[in-house]
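1. let me see the structure of the following:
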Amino acid sequence: MCRNIKTLFNFEPPATDDEIHASAVQFVRKLSGFNKPSQANEAAFERAVAEVSDAARRLLTSLHTHAPARDRTVEAEKARERSRLRFG
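-> Numbering: from 1, shown residues only. You can find the predicted model right below:
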């Protein structure tokens with residue numbers, strides 16, 4: 001799994017279009033092996049990002065859970081603490 005792709009489901013407030021797009025970019029980068037595609041591949045790269053973004057948005061809106069929504073600031077603080085313990 002790409003380390004830069006963040007979990008977007010079941011957060012309050014919900015994932016923004018920018019967050020969904022950023023995760024799609026990371027996913028397409030990982031699959032293609034390109035950090036920045038050449039001009040010859042740019043159209044295909046951008047089309048893939050748009051398609052993955054659409055699929056992710058549909059997925060996120062169709063998922064259901066009984067668990068309470070997680071708070072973004074609390075989860076970010078937990079991640080910072082894990083990072084601090086891991087890397088010092």
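
2. for the most centrally placed residue in the chain, which non-adjacent residue is closest in space?
-> Centroid check for the chain by CA atoms, centre = their mean gives S23 as the closest residue, at 2.8 Å. Spatial nearest neighbour of S23, excluding adjacent residues (CB to CB, 6 or more residues apart in numbering): I5 at 4.8 Å. In this view, the C-beta of every residue, glycine as well, is placed from N, C-alpha and C.

3. how about that neighbour, secondary structure?
-> With DSSP: H, G, I helix; E, B strand; the rest coil as the basis, I5 sits in coil.

4. just checking, it touches R29?
-> No - the criterion here is CB atoms under 8 Å, and I5 misses it with R29 at 10.0 Å.

5. out of these two, which sits in the busier spot?
-> Taking neighbours as other CB atoms under 10 Å, I5 and R29 compare with R29 leading, 19 against 16.

6. confidence score at the residue nearest to S23?
-> For I5, the model assigns a pLDDT of 73.

7. for it, give me its contacts.
-> Contacts of I5 were listed using CB atoms under 8 Å, 6 or more residues apart in numbering, and they are 23, 26-27.
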